[in-house]
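Undergrad: turn this into a structure:
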Amino acid sequence: MKISAINYSIKHRPINFGTTKRTTYGANNIGQVIKEFYDKEYLWKDNKYDSIIVSNSTHFLRNDMPWLYIGEKLEELYPDKKHVNVHNFACSDGSESYSLAICLIEQLGEERAKKYFPIHASDVDEYIISGAKRRKIMAKSDDIQRLKEVTNNQIWKYFDIESKGEDYILRPKEILTENVHFECKDFEEGLDEIEGENNLILCRNFWGYLDEDKTIRCAKKLYEKLGETTYAIIGRFDMLGGEVPVFLSELGIDSEGDLYKEEVILKKHEGHSDGKYQDEERIREKIKFYHFKKR
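TA: Numbers count the residues shown, from 1 in each chain. Sure thing, here's the model as predicted:
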């Protein structure tokens, strides 16, 4: 687990979600954890606590992506040789972005993988992005083992590795740093910047942390961006009972097909005409239920 302990003043700085697998805790002094914030959002509205600790939890090759054949699947979605713009939102420390880059190189070869590079990795958290830009990632032994498996024990091609007690420090080599670019950016802002076709939008494992209004706005904007050769990928955490959340499906967003254990690639539903909610208040109730289940 990667932890960025940042003390914010609730009175002077708004809380903004968007980091992969983010967990936020309320604390009334440094290091004293009171309770999990995402279960008790209403407490913050009264400024009951004066600081927060933000935890960005992620690791290499998380088991909710089909890493062993992600390259093959993307080649099915993008069979021509045109460039594909890959947008990895809520990238946290970069582990997911690097995982994708490594798998594409290993499965497709460096030349074929080039059409997916550079990966545009972004996160709303300035602190975690500044760490990603320094190209230094903390890893556990499980991370090392998974990386060895997908690289045929040639992890040295991608990282310089330094042992630090029970942990490891990974320093990405040029084969990764030239192909993964980091930027501090909000998901909604990033969606506004996506244009045209041939886009792959990774927006995984954070929908449950967006507030109600932002969830609706981002869902609508995501629908508008999807197209004949533009797809999105959500994570297992984002699913609801193994299905695409209602607030996405009723807007006109379907699963593309069975990817790994659950259907997580999203496409625009061909029969959906206007892309607008028929009953937004009802959808808001669905979003409230979704947030309740996820938080």
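Undergrad: which residues does stretch 165-182 contact?
TA: 91, 94, 97-98, 101-102, 105, 110, 117-123, 129, 132-133, 135-141, 143-144, 157-162 (C-beta atoms under 8 Å, 6 or more residues apart in numbering). Where you see a C-beta, it was placed from the backbone N, CA and C, and this is true even at glycine.
Undergrad: mind listing what's buried along that stretch?
TA: Tyr168, Leu170, Pro172, Leu176, Thr177, Asn179, Val180, His181, Phe182 (16 or more other C-beta atoms under 10 Å).
Undergrad: ends of that stretch, what's the gap?
TA: Taking C-alpha to C-alpha, to the nearest Å, the first and last residues of stretch 165-182 lie 28 Å apart.
Undergrad: one more: stretch 246-253?
TA: End-to-end distance (C-alpha to C-alpha), stretch 246-253: 9 Å.
Undergrad: before we move on, back to that, which of the contacts of stretch 165-182 are buried?
TA: 91, 94, 97-98, 101-102, 105, 117, 119-123, 129, 132, 135, 137-139, 143-144, 158-159.
Undergrad: quick revisit: can you add secondary structure and give the buried residues of stretch 165-182 back as a markdown table?
TA: What follows is these, written out as a markdown table (DSSP: H, G, I helix; E, B strand; the rest coil):
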| residue | secondary structure |
| --- | --- |
| Tyr168 | strand |
| Leu170 | strand |
| Pro172 | strand |
| Leu176 | helix |
| Thr177 | helix |
| Asn179 | coil |
| Val180 | strand |
| His181 | strand |
| Phe182 | strand |
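Undergrad: and the two most separated of those residues?
TA: Tyr168 and His181 (23.8 Å; C-beta to C-beta).
Undergrad: residue ranges with poor pLDDT in the stretch 151-295 of the chain?
TA: 257-263, 270-278 (pLDDT under 70).
Undergrad: can you map out the helices along it?
TA: Secondary structure of the stretch 151-295 of the chain by DSSP state H, counting those that start in this stretch: the helices cover 174-177, 187-193, 212-225, 246-249, 280-294.
Undergrad: now do the stretch 1-150 of the chain
TA: Under DSSP H, counting those that start in this stretch, the stretch 1-150 of the chain gives helices at 41-45, 70-77, 95-113, 126-133, 141-150.
Undergrad: quick one: which of the ones you listed has the weakest pLDDT on average?
TA: Per-segment mean pLDDT for the helices of the stretch 1-150 of the chain reaches its minimum on helix 41-45, at a mean of 39.
Undergrad: so which bits of stretch 227-242 are buried?
TA: Thr229, Thr230, Tyr231, Ala232, Ile233, Ile234, Gly235, Arg236, Phe237, Asp238, Met239, Leu240.
Undergrad: surely the last one meets Tyr290?
TA: Looking back up the chat, that one is Leu240. Yes - using C-beta atoms under 8 Å, Leu240 makes contact with Tyr290 at a distance of 6.1 Å.
Undergrad: what do those two both touch?
TA: With C-beta under 8 Å, 6+ apart, Leu240 and Tyr290 have common neighbours Val246.
Undergrad: one step back: in TSV: the helices of the stretch 151-295 of the chain, plus distance to Cys203.
TA: Below are the helices of the stretch 151-295 of the chain laid out as TSV (distance: least, C-beta to C-beta, whole Å):
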stretch	distance to Cys203
helix 174-177	22
helix 187-193	6
helix 212-225	7
helix 246-249	10
helix 280-294	15
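Undergrad: any idea which of the ones you listed is most buried?
TA: Across those, the average number of neighbours (mean count of other C-beta atoms under 10 Å) peaks for helix 246-249, which reaches a mean of 21.
Undergrad: so which elements touch that helix?
TA: Judged by 3 or more C-beta pairs under 8 Å, 6 or more residues apart in numbering; DSSP states H and E, helix 246-249 is in contact with helix 212-225, helix 280-294.
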